[in-house]
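Peer 1: Turn this into a structure:
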Amino acid sequence: VRSIPADNSKTYDGKRYVDCSSFTSWVLYEYALANGNTAMKNYFSTQKTSSTFASIGANGGNSYLSVIDRKSSNRNADLANAREGDILVTNGHVEFFKSYVKNTNGTLNIKVYNCGSDSSIKASGATTSATKKASEILYILRVK
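Peer 2: Just a heads-up that it's a prediction; the model follows:
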């Protein structure tokens, strides 16, 4: 097992750290490596940003990721189309989807595999996403 490489461009209090997009890039790199997909491994060998993932969604996907659903002017992305392991893209954040339930007040309780905070990186398994509304989800991406 290899450790997640810290992104040299991201520092906090003088220490390098891994954020959501670094974690997502690393997982996709490891997936490609395990499946012998050299082109995908090379693409994700450099850290992508949440903006890059949003751009992939806006462009209809790329060679490695398909757009499963997207927010449009008249509707929100539908989590009913998401499968465990899909990538949720919100404004400035990406995370791997696990499951969700809709609360009685209409908000969402989304479970994700995430590396967007100190608490999520220290927790094993799935954590609760900060995303609470379907309107916050811009794209749902899936590995091809």
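
Peer 1: Find the nearest non-adjacent residue to Gly57, please.
Peer 2: In space, Gly57 comes closest to Tyr139 once its chain neighbours are excluded; the distance is 2.9 Å by Cβ to Cβ, 6 or more residues apart in numbering. The way it works is simple: take the backbone N, C-alpha and C, and place the C-beta from them, glycine included.

Peer 1: Show the backbone phi and psi for that neighbour.
Peer 2: Main-chain dihedrals, Tyr139, degrees, to the nearest 10: phi -150, psi 150.

Peer 1: What's the mean pLDDT across the host helix or strand of Ser51?
Peer 2: Under the criterion of DSSP states H and E, Ser51 resides in helix 50-58. Across helix 50-58, the average pLDDT comes to 96.

Peer 1: What lies in contact with whichever helix or strand comes after that helix?
Peer 2: Going down the chain from helix 50-58, the next helix or strand is strand 65-70, by DSSP H and E. By Cβ atoms under 8 Å, 6 or more residues apart in numbering, the list of residues contacting strand 65-70 from outside reads 56-57, 60-61, 77-78, 81-82, 86-87, 138-144.

Peer 1: Now Lys140: which helix or strand?
Peer 2: Lys isn't right for residue 140; it's Ile. strand 137-143.
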